[in-house]
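Chemist: could you look at this predicted model? Sequence included:
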Amino acid sequence: MLPQPTEYRFLRTSEQLDRFVPDWRRLWERDRTASPFQSPDWLVPWWRQFGSDELCSVVVEHRGEVVGFLPFYVYRDTTKQRRQLLPLGVGTTDYLDGVFAPGCETEEIFRAVKALRREVEHDEFCVTQLPGHSRLLAAFKQKSGCRDLGSGEKQPFVSQSEGCSRMPAATMAQLPQKIRRNAMYYRNRAQRCGKLELVQADGSNWEEIFAELRRLHRERWQERGEEGVLVDERVVQWHSEAIPLLLQAGLLRLMALTLNHEVIAVLYSLVDGEREERTQYFYITAYSPKHAELRPGTLLIAYAVEHAAQEGVATIDMLRGNEGYKEIWHMDKAPTWCVSQLKSSPLESQAEETAA
């Protein structure tokens with residue numbers, strides 16, 4: 001028997017979401033597996049830029065205590081004429097998930113999803129980029145009798161999403177010999193040109209460093225005849241709101257590599273809160289094309305990886321993508337997972353409730 005009473009409360013408006021933020025933050029701090037990508041400091045600014053009028057997030061409560069949260073909304077896919085139930089942050093966030101207190105049971109998580117799907121008009125439920133340790137993923141695997149998509153039935157199914165590249169954090173001396181020699185060679189070359197320095201963003205300089213990230217990112221993509229994500233004003237506004245919140249929460253590591261005080265590379269990264277095994281997530285990097293011969297991207301990553309190791313970070317996660325430099329750093333792929341389910345007919349929904 002589940003502890004009683006367990007209640008499932010819906011947040012339907014941006015105002016309700018804003019009022020929930022203090023409880024959300026406390027819950028996130030209790031969830032020892034939640035990444036910064038599940039924090040309100042990341043997702044609320046995202047919602048303000050990319051959200052719709054159809055917020056439908058579920059709060060799980062035990063006698064008034066918040067023990068779980070599923071941040072979802074309805075996205076109307078006009079090309080497919082389909083209403084999709086998606087998690088906040090989808091498309092621009094490498095790890096998606098709910099947030100749960102240690103005492104929140106698998107059964108309760110699964111029932112929260114069922115309440116969401118029962119109460120909200122939609123055609124498809126889909127959550128991708130779930131980490132392997134996700135309790136939401138575990139709830140589907142344990143409770144829903146997942147089958148392959150090829151079965152032809154409207155059952156939830158699990159498939160692999162795009163994996164993320166990970167490596168241990170290490171000082172320069174601990175790096176594999178080939179990488180260490182390469183980084184030291186270009187560091188020495190750069191230092192012969194002047195003063196090389198790693199500058200970390202704080203409350204006084206984050207706007208300047210973020211502006212440099214946008215400039216370098218734009219220049220790099222223009223060389224390819226493309227624009228890049230940081231020319232989208234909504235993306236810029238999202239990060240402009242999120243960065244000071246993340247900085248205040250201690251989750252931001254925005255770093256600039258400078259040569260004679262000129263920015264030649266920038267890293268936008270997030271880091272886990274206080275826990276035993278912390279991970280730093282390298283979200284966006286950009287470097288100066290005119291300094292390409294000094295390999296500023298390689299230098300920046302080497303400095304940032306060393307800085308993370310010195311800070312006690314255990315793992316570097318360079319997230320999605322198959323960029324060539326990730327192979328150079330001997331990274332392992334960590335799989336992520338997707339759960340999707342088509343909307344059942346009324347008779348099927350009734351049968352599911354009877355079975356539960």
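Modeler: That came through fine.

Chemist: average pLDDT for the host helix or strand of Ile179?
Modeler: Per DSSP states H and E: Ile179 is located in helix 177-193. Mean per-residue pLDDT for helix 177-193: 90.

Chemist: what packs against that helix?
Modeler: Helices and strands touching helix 177-193, as assessed by 3 or more CB pairs under 8 Å, 6 or more residues apart in numbering; DSSP states H and E, comprise helix 296-310. C-beta here means a position set from N, CA and C on the backbone, and glycine is covered the same way.

Chemist: contacts for the helix it packs on next, please.
Modeler: 167, 169-172, 174-175, 179, 182-183, 186-187, 190, 196, 198, 200, 253, 255, 257, 259, 264-267, 269, 271, 280, 282, 285, 287-288, 316, 325, 328-329 (CB atoms under 8 Å, 6 or more residues apart in numbering).

Chemist: related to what we said a few turns ago, give the buried residues for the helix holding Ile179.
Modeler: Going by neighbour count (16 or more other CB atoms under 10 Å), the buried part of helix 177-193 is Ile179, Arg180, Asn182, Ala183, Tyr186, Arg187, Ala190.

Chemist: now swap in stretch 11-21 and tell me
Modeler: By 16+ other CB under 10 Å, the buried positions in stretch 11-21 come out as Leu11, Leu17, Phe20.

Chemist: just the angle between the helix holding Ile179 and helix 296-310, please?
Modeler: In terms of direction (axes from the mean of the first three to the mean of the last three CA atoms, to 10 degrees), helix 177-193 departs from helix 296-310 by 110 degrees.

Chemist: after helix 177-193, next one along is what?
Modeler: From helix 177-193 onward toward the C-terminus, using DSSP H and E, the following helix or strand is strand 196-200.

Chemist: endpoint to endpoint, stretch 306-326 covers what distance?
Modeler: Stretch 306-326 has an end-to-end distance of 16 Å (criterion: CA to CA, to the nearest Å).

Chemist: distance check, Trp42 against His239.
Modeler: As for Trp42, its distance to His239 is 10 Å (criterion: CB to CB, to the nearest Å).

Chemist: repeat that for Leu17.
Modeler: Separation of Leu17 from His239 (CB to CB): 19 Å.

Chemist: now Leu196
Modeler: For Leu196 relative to His239 (CB to CB), the value is 26 Å.

Chemist: now Glu162
Modeler: 22 Å.

Chemist: what does Glu233 give?
Modeler: 11 Å.

Chemist: now do Asp232
Modeler: Taking CB to CB, one finds Asp232 at 10 Å from His239.

Chemist: and the two? Which one has more around it.
Modeler: Shown here are Asp232 and His239; by other CB atoms under 10 Å, His239 has more neighbours (23 against 13).

Chemist: tell me the contacts of the residue lying closest to that one once chain neighbours are set aside?
Modeler: Of all residues not flanking His239 in the chain, Phe210 sits nearest, at 6.9 Å (CB to CB, 6 or more residues apart in numbering). The neighbourhood of Phe210, defined by CB under 8 Å, 6+ apart, consists of Ala201, His239, Ser240, Ile243, Leu254, Tyr268.
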